[in-house]
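K.L.:
Provide a 3D model corresponding to the input given below.
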Amino acid sequence: MIVVCFYIWGWYKGFWLNHSKSLMESSEKDKHFLAGLEQAHFESDKELKQNFKQIDFDRLSQTNIDGIPIKAEEIKKKLTITLSKPAHTLIIGTTGSGKTTTFINPTTQILAHSKNRPSMILSDPKGELYSLHCQELKRLGYDVKVIDLRNPYCSIRWNPLEKPFTMYQEMLHLEDKVVADEENGCYKYKDKVYYDHEELLSKIQVDKQEMYDEIYEDLHDIVSVLCPVINKSEPIWESGAKNFILAIVLAMLEDSENPELGMTKEKFNFYNIMKIATNTQNDCDDLMKYFQKRSPISKSVSLSKQVLDASDKTRGSYLSTIFDKLAMFSDKSICALTSSNEIDFGEIANKPTALFLQIPDEKETRHTLASMIILQAYKGLVTKANTFPDLSLPRSVYFLLDEFGNLPRIHKLEQMITVGRSRKIWFVLVVQSYAQLAKVYDEKSADIIKSNCNIQIFIGTTDLKTIEEFSKKCGNYSLVQRNVSFNTGKAEDVNSSASIKERPLIYPSELAQLNNANNMGNAIVSVFGFAPIKSKFTPSFRCSKYKLGNAKQDTKSGKPFMEEKVFYDMLERNKLFFKPKKNVSFDKPNYDETLDGVKMLMARLPIDVLADSDKSVIIEMLDKKQYDRAINILSKTAETKEFEKYNIKPKIETIIRKITTLINLENAKNES
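P.N.:
Numbering: from 1, shown residues only. Modelled structure (predicted):
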């Protein structure tokens, strides 16, 4: 009897367990239930092969391939690389998460071994990247360069002001490019033939104006990095300081027009900008004189007025801000670094190049120069890209910027990252969290940067908001949850219910524990247009395929700063205009030649712009040394809107500059 009871009980229990199990199992109704609901999933191995390029590391040098590694795992001495198409990339990796050993090092090795051999610009805070990769890069045919902000005397030299100076000199002498063809009665200029002399002059003036605009923009960008407007509540001080520094730079350019003043390419540098700006003796009298005796249409004069025309107390506040922004150039090593130029950023795209930018984390004042280098490198590459029919570089260039979030704001980065892709310029930005990015670039700009990074790789962070945001970015998936209940032992009394539950594809807590000291190389990768990827990067120190060295940078060939050779003496320049000088001879032929040049340019002005009688009046004024009156008439004529069709303004500006030269020559005569 007992055996029978146990048998019945076992059958009864099994029946209900099996029946409940069948009720809990999914059905076609569940699929209908889930249709239209979010069903995020990680890419399967099959999908990875279909959607991305997979290649063995050993075959990289034989394959024309370019892109960002999204997986690089070595199994049994075989390193398989999964590459996404090139895209701006954001790496989220906090200190100690292994971002260098699991992404930066592998990416550098993978790009260098590819057949395409793209160029790279790498931020190298501690100099470790140079030490690890230098030897292998050189073996692979890379031109390896170092801009060393930690040991500037041992760095290649870089003067961002050299290009604007060179372009300004070219602008001043554009007329020298004209070739007269007397036999055919025409002129040749920039591969074009002109039979109308007025048309030729107009073209030259337009070219000069375009070149000046480009020069001004370059200098404005440089000064904006040097003196950014950060204080939103009281921007006037930083804005005024920025304008005054720009005024000094433009004044130095203007000085280069007169060879007697001695402003050369070697003297057009940050050291002299600092020297001029900090010369405040005699209640800034010398500084004020530096901006006097210039053309009334000089931009340097108008930009200097905000500071120089202010009250003594207000001017002092401006100058205090200026001194703070230029303080780094009191360091002779930085002056040495920026006193000449040994790098052409545009050439980086011509051959495989690796430029290491060593940035000392303990010297934050030098971080400004790092941001300026990145901006200048980008602009140089864009200029190079514009020389090709498709407006893109012949070789991809990757900015691998480790510790990007610790750099000062890079001027125009939002625009750079938006349009860089069409030029084959790619940014790989490593930040500790989204919050770090927003702190430097503000929320709006940070959102623009994030939205243009079509690849985002999460390695690890302690910032909860970043973890939660990335978890949401990966999406959710829905599942059916069933419950079974019964009141009696009858089958018809069994009730089952189903509900839909939504959960993250990966919980924030899972992201927070993605990597640790015993398990590194894990990553979650988000690629625009594809499902998230559970990825693995074999750490560089564990991978047999990566050739890492231990090279030491040459620190023995330091170049001293030759201060006496590059110094531009503002006081000596002022003496030419304000103080009597002995043994100064008046060069009458030079004066007469300049006056003849003014008269010739005046004669070429259209009659309906300036009648012959008016021209005669102005020439008479010049003969009587009434320069200011002549300039006043010409300035008013230049601003007449109805003459815009003749492109008159640049022509009159040239005449006024020559009259200013007459004034200088006349002053020299009077002082002799």
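K.L.:
Break down the stretch 251-400 of the chain into its helices, ranges please.
P.N.:
In the stretch 251-400 of the chain, the segments counted as helices under DSSP state H, counting those that start in this stretch are 270-277, 281-290, 299-308, 312-326, 332-337, 367-385.
K.L.:
Would you format these as CSV with mean neighbour count included?
P.N.:
Quick note: C-beta positions are derived from backbone N, CA and C, even for glycine. CSV is the format used below for the helices of the stretch 251-400 of the chain (neighbours: other CB atoms under 10 Å):
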stretch, mean neighbour count
helix 270-277, 22
helix 281-290, 16
helix 299-308, 19
helix 312-326, 17
helix 332-337, 21
helix 367-385, 21
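K.L.:
Least reliable of those by average pLDDT, please.
P.N.:
Least confident of these, judged by mean pLDDT, is helix 281-290 with a mean of 90.
K.L.:
name the helices or strands packed onto that one?
P.N.:
helix 270-277, helix 299-308, helix 312-326, helix 570-578 (3 or more CB pairs under 8 Å, 6 or more residues apart in numbering; DSSP states H and E).
K.L.:
Find the nearest non-adjacent residue to Pro106, please.
P.N.:
Using CB to CB, 6 or more residues apart in numbering and skipping the chain neighbours, the partner closest in space to Pro106 is Ala72 (4.9 Å).
K.L.:
and of the helices of the stretch 251-400 of the chain, who's closest to Asn231?
P.N.:
Asn231 lies closest to helix 312-326 among the helices of the stretch 251-400 of the chain, at 9.4 Å (CB to CB).
K.L.:
and the angle for the closest one with helix 270-277?
P.N.:
Helix 312-326 and helix 270-277 are oriented at 170 degrees to each other (axes from the mean of the first three to the mean of the last three CA atoms, to 10 degrees).
K.L.:
for helix 312-326, packing partners?
P.N.:
Packed next to helix 312-326, using 3+ CB pairs under 8 Å, 6+ apart, are helix 236-255, helix 270-277, helix 281-290, helix 299-308.
K.L.:
Specify the stretch among those that is closest to Ser224.
P.N.:
helix 236-255 (6.5 Å).
K.L.:
and the closest one, how far from the chain's centre?
P.N.:
Distance, stretch centre to chain centre, for helix 236-255: 21 Å (CA atoms, centre = their mean, to the nearest Å).
K.L.:
The residue nearest to Pro106: which element?
P.N.:
strand 68-75 (DSSP states H and E).
K.L.:
Check what contacts that strand and list those residues.
P.N.:
48, 52, 57, 79-87, 89, 103, 106-107, 110, 426, 428, 455, 457, 521, 525, 527, 533, 535-538, 542-545 (CB atoms under 8 Å, 6 or more residues apart in numbering).
K.L.:
Sort out which residues of it are buried, please.
P.N.:
Ile68, Pro69, Ile70, Lys71, Ala72, Glu73, Glu74 (16 or more other CB atoms under 10 Å).
K.L.:
got TSV for those, with distance to Ser233 and pLDDT too?
P.N.:
Listed next are these as TSV, based on distance: CB to CB, whole Å; pLDDT from 0 to 100:
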residue	distance to Ser233	pLDDT
Ile68	40	97
Pro69	44	98
Ile70	43	97
Lys71	47	97
Ala72	47	97
Glu73	51	96
Glu74	53	95
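K.L.:
Return the closest of the residues you listed with respect to Ala310.
P.N.:
Distances from Ala310 to these, taken by CB to CB, are shortest for Ile68, at 51.2 Å.
K.L.:
beta partners for the closest one?
P.N.:
Beta bridges link Ile68 to Ser84, judged by DSSP bridges.
K.L.:
Next, work out how far apart it and Val617 are.
P.N.:
Separation of Ile68 from Val617 (CB to CB, to the nearest Å) stands at 69 Å.
K.L.:
now Trp158
P.N.:
In terms of CB to CB, Trp158 sits 52 Å off from Val617.
K.L.:
and these two? which has more neighbours close in?
P.N.:
Taking neighbours as other CB atoms under 10 Å, Trp158 and Val617 compare with Trp158 leading, 22 against 14.
K.L.:
unless I'm mixing things up, Lys293 is touching Leu576, no?
P.N.:
No: the pair Lys293 / Leu576 is not scored as a contact, 9.0 Å apart, by CB atoms under 8 Å.
K.L.:
Compare these two and say which one has the larger neighbour count.
P.N.:
Leu576 (18 against 15).
K.L.:
So that one versus Tyr398, what's the distance?
P.N.:
From Leu576 to Tyr398 the distance is 50 Å (CB to CB).
K.L.:
likewise Arg423?
P.N.:
With CB to CB as the criterion, Arg423 and Tyr398 are 12 Å apart.
K.L.:
cool, and Met602?
P.N.:
For Met602 relative to Tyr398 (CB to CB), the value is 55 Å.
K.L.:
What of Val428?
P.N.:
From Val428 over to Tyr398 (counting by CB to CB), the distance is 6 Å.
K.L.:
Ok, Ile659 next?
P.N.:
On the measure of CB to CB, Ile659 and Tyr398 end up 52 Å apart.
K.L.:
go on, Glu217?
P.N.:
Glu217 is 26 Å from Tyr398, by CB to CB.
K.L.:
of the two, who's got more company?
P.N.:
The residue with more neighbours, out of Glu217 and Tyr398, is Tyr398; 23 against 12, by other CB under 10 Å.
K.L.:
show me the residues around Ser119 that make contact.
P.N.:
Counting by CB under 8 Å, 6+ apart, Ser119 has contacts Ile348, Ala349, Lys351, Pro352, Thr353, Ala354, Leu355, Arg395, Ser396, Val397, Tyr398.
K.L.:
confidence score at the nearest residue to the second one once chain neighbours are set aside?
P.N.:
The reference is to Ala349. Distance criterion CB to CB, 6+ apart; nearest residue to Ala349, sequence neighbours excluded, is Leu393 at 4.1 Å. Leu393 carries a pLDDT score of 96 in this model.
K.L.:
residues touching Leu393, list them.
P.N.:
With contacts defined as CB under 8 Å, 6+ apart, Leu393 is in contact with Ala349, Leu381, Lys384, Ala385, Arg423, Lys424, Ile425.
K.L.:
From the residues you listed, pick the one nearest Arg150.
P.N.:
Leu381 (24.8 Å).
K.L.:
picking that back up, ok, so of the contacts of Leu393, who is nearest Ile204?
P.N.:
After measuring the contacts of Leu393 against Ile204 - CB to CB - the closest member comes out as Lys384, at 25.5 Å.
K.L.:
Output the below-cut-off pLDDT ranges for the protein.
P.N.:
The model of the chain has pLDDT under 70 over residues 1-38, 480-499, 555-557, 579-589, 607-608, 641-646, 669-672.
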